[in-house]
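Participant: What follows is a predicted structure for the sequence shown.
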Amino acid sequence: MRILITNDDGIHAPGLNACEQIARALSDDVWVVAPETDQSGVSHSLSLNDPLRLREIDERRFAVKGTPTDCVIMGVRHIMPERPDVIISGVNRGRNVAEDVLYSGTVAGAKEGTVLGIPSFALSQAYTFTTKHLPNWQTGIAHGPALIDKILKEGIPKDVLVNINFPDCEPDEVAGVAVSTQGKRDASFLHIDARHDGRGNPYYWIAFARGVKPTSSSGSDLAALDNKRISVTPLRLDLTDEPFMTRLAEVLG
């Protein structure tokens, strides 16, 4: 089995090393193509107006000055002599649940793999304020290989990627696996942090609001992580809302 791994935290991110350990537990044919720098929050963007710079770091290990989507395309279309059988994106530093999947470069890496017709996984490691600087990478390393192997043996439907989030706990504290729906946060989880530089000029950060408790509805990815369970969420490329499409056809047809 030939595996291509990427991420959005960059070629030097600790989570990429964790992802590589997961991949090597499944195969000895592992290729790494990751962004040169942190690309968190770039979603499924392509670099159309800038050239892609490619740097070979080691055998089967490359850095691309571009997005995770660029990395997957470069890996599949240019770098690898044969198409990968599986793409694994991650392990992201921080969970990718609820609305995160819309912004996440990690999820986008797996999404691009799915677009290319390759079974793809997005892996993320949750953390809290106390574990922010040292997430529990061993949790994904311990549980990821068997989970991915089991899903691959079952088979992933066409145009579907698998989003996996590991809870913020030690490997032996994991309470199980929860096949989950995509959760939803309160709309106020993002806000604008306005500041002034040394010359008094204003500048702004998009920031996460503190103290906003996510809605952990039963069966969601948020609830799974709250209960120290690994969340597994299949995500479809087709975003069509069929019930509303039917209603619109009746009104507009």
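Facilitator: Here it is on my side, so go on. Values in this document were obtained by computation on a predicted structure and should not be read as measured data. Numbers count the residues shown, from 1 in each chain.
Participant: which residues does Gly105 contact?
Facilitator: Listed by Cβ atoms under 8 Å, 6 or more residues apart in numbering, the contact partners of Gly105 are Asn7, Asp8, Pro35, Gln39, Ser40, Gly41, Val42, Ser43, Thr67, Pro68, Thr69. No exception for glycine: its C-beta is placed from N, CA and C like everyone else's.
Participant: And Asp168, by the same measure?
Facilitator: Contacts of Asp168 (Cβ under 8 Å, 6+ apart): Gln125, Ala126, Tyr127, Thr128, Thr131, Pro135, Asn136, Leu225.
Participant: Same list (those residues) but as TSV, adding pLDDT, secondary structure and distance to Ile88.
Facilitator: Shown next, in TSV, are the contacts of Asp168 (pLDDT from 0 to 100; DSSP: H, G, I helix; E, B strand; the rest coil; distance: Cβ to Cβ, whole Å):
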residue	pLDDT	secondary structure	distance to Ile88
Gln125	98	strand	13
Ala126	98	coil	18
Tyr127	97	coil	20
Thr128	94	coil	25
Thr131	95	helix	22
Pro135	98	coil	17
Asn136	98	coil	18
Leu225	98	helix	20
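Participant: can these go into TSV with extra columns for neighbour count and distance to Ala110?
Facilitator: Shown next, in TSV, are the contacts of Asp168 (neighbours: other Cβ atoms under 10 Å; distance: Cβ to Cβ, whole Å):
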residue	neighbour count	distance to Ala110
Gln125	29	15
Ala126	27	17
Tyr127	18	20
Thr128	9	25
Thr131	13	24
Pro135	24	19
Asn136	21	21
Leu225	25	18
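Participant: nearest to Leu190, of the contacts of Gly105?
Facilitator: Gly41 (10.9 Å; Cβ to Cβ).
Participant: Just to be sure, the closest one is in a helix?
Facilitator: No: according to DSSP: H, G, I helix; E, B strand; the rest coil, the state of Gly41 is coil, so it is not within a helix.
Participant: surely it meets Tyr103?
Facilitator: Yes: judged on Cβ atoms under 8 Å, Gly41 makes contact with Tyr103 at a distance of 5.0 Å.
Participant: Compare the two (neighbour count), which wins?
Facilitator: More crowded of Gly41 and Tyr103, by other Cβ atoms under 10 Å: Tyr103, with 17 against 12.
Participant: Quick check: phi and psi on the more buried one?
Facilitator: Main-chain torsions, Tyr103, degrees, to the nearest 10: phi -100, psi -20.
Participant: Let me see the contact set for it.
Facilitator: Gly41, Ser43.
Participant: gap between it and Ser231?
Facilitator: Separation of Tyr103 from Ser231 (Cβ to Cβ, to the nearest Å): 17 Å.
Participant: What of Gly41?
Facilitator: 20 Å.
Participant: just Asp172 next, same as before
Facilitator: Relative to Ser231, and taking Cβ to Cβ, Asp172 is found at 18 Å.
Participant: And for Pro119?
Facilitator: To Ser231, Pro119 is 19 Å away according to Cβ to Cβ.
Participant: more neighbours, those two?
Facilitator: Ser231 (29 against 22).
Participant: Looking at whatever helix or strand that one lives in now, give me its mean pLDDT.
Facilitator: Element membership of Ser231, judged by DSSP states H and E, is strand 230-236. Mean pLDDT, strand 230-236: 98.
Participant: Partner strands of that strand and their direction?
Facilitator: The pairing partners recorded for strand 230-236 under DSSP bridges are strand 160-166 (antiparallel), strand 177-179 (parallel).
Participant: C-alpha coordinates for the next helix or strand after it, PDB please?
Facilitator: Beyond strand 230-236 on the C-terminal side, the first helix or strand identified by DSSP H and E is helix 242-252. Extracted in PDB, the C-alpha atoms of helix 242-252 (Å, rounded to 0.1, in the frame of the first residue of the first chain):
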ATOM      1  CA  GLU A 242     -31.700  17.700  -1.700                       C
ATOM      2  CA  PRO A 243     -34.800  18.400   0.300                       C
ATOM      3  CA  PHE A 244     -34.500  22.200  -0.300                       C
ATOM      4  CA  MET A 245     -33.600  21.500  -3.900                       C
ATOM      5  CA  THR A 246     -37.000  19.700  -4.300                       C
ATOM      6  CA  ARG A 247     -38.800  22.600  -2.700                       C
ATOM      7  CA  LEU A 248     -37.100  25.100  -4.900                       C
ATOM      8  CA  ALA A 249     -38.000  23.000  -8.000                       C
ATOM      9  CA  GLU A 250     -41.600  23.200  -6.900                       C
ATOM     10  CA  VAL A 251     -41.500  27.000  -6.400                       C
ATOM     11  CA  LEU A 252     -39.300  27.900  -9.400                       C
END
